[in-house]
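[1] coordinates for the following, if possible.
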Amino acid sequence: MQQADDEEIFDRAFVEGRVIISADTDFGTLLATRQETKPSVVLFRRSSQRKPEAQLTLILLNLPDVAAILDQGAIVVFEENRVRTRFLPIV
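    Residues are numbered from 1 along each chain as shown. Just a heads-up that it's a prediction; the model follows:
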């Protein structure tokens, strides 16, 4: 799906019940404009780690705290010193 556009990734994640993990804030915009509760999105902000290994570690360390939130439909934002969550839909 590397060549897919954001809409295609969003639609496929919705159909397959997946969570989108990205540093692309466009997925947050898509969630806001669609007013849907799925798919959930994990965003890495600029100030957060960029190396895949560090991102994986960050997700795994925080997964116990955010798994239920992601199952319900949310956007989880990883920043350098904090994790923010917001339930969907974004209003």
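[2] worst-scoring helix or strand of this protein, pLDDT-wise?
    Lowest by mean pLDDT, DSSP states H and E among the helices and strands of the chain is helix 26-34, with a mean of 84.
[3] not counting its own residues, what contacts that one?
    With contacts defined as Cβ atoms under 8 Å, 6 or more residues apart in numbering, helix 26-34 is touched by 6-7, 9-10, 20, 41, 43, 75, 88-90. Using the backbone N, CA and C atoms, a C-beta is placed for each residue, glycine as well.
[4] which regions of the protein sit below the pLDDT cut-off?
    Judged by pLDDT under 70, the chain has its weakly predicted residues at 47-49.
[5] now with 80, please.
    Applying pLDDT under 80 to the chain flags the ranges 1-2, 46-50, 80, 91.
[6] circling back to that earlier point, export the least confident helix or strand of the chain as PDB, just CAs?
    Output of helix 26-34 as PDB, limited to C-alpha atoms (Å, rounded to 0.1, in the frame of the first residue of the first chain):
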ATOM      1  CA  ASP A  26      -3.700  14.100   6.800                       C
ATOM      2  CA  PHE A  27      -5.300  11.100   8.400                       C
ATOM      3  CA  GLY A  28      -6.500  13.200  11.200                       C
ATOM      4  CA  THR A  29      -8.000  15.600   8.700                       C
ATOM      5  CA  LEU A  30      -9.700  12.700   7.000                       C
ATOM      6  CA  LEU A  31     -11.200  11.600  10.300                       C
ATOM      7  CA  ALA A  32     -12.500  15.100  11.000                       C
ATOM      8  CA  THR A  33     -14.100  15.600   7.700                       C
ATOM      9  CA  ARG A  34     -15.700  12.100   7.500                       C
END
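[7] downstream neighbour of it in the secondary structure list?
    Downstream of helix 26-34, the next assigned helix or strand under DSSP states H and E is strand 41-44.
[8] how distant is that next one from the center of its chain?
    Mean-position distance between strand 41-44 and its chain equals 3 Å (Cα atoms, centre = their mean, to the nearest Å).
[9] same question, stretch 60-67
    When distances are taken as Cα atoms, centre = their mean, stretch 60-67 is centred 13 Å away from the chain's centroid.
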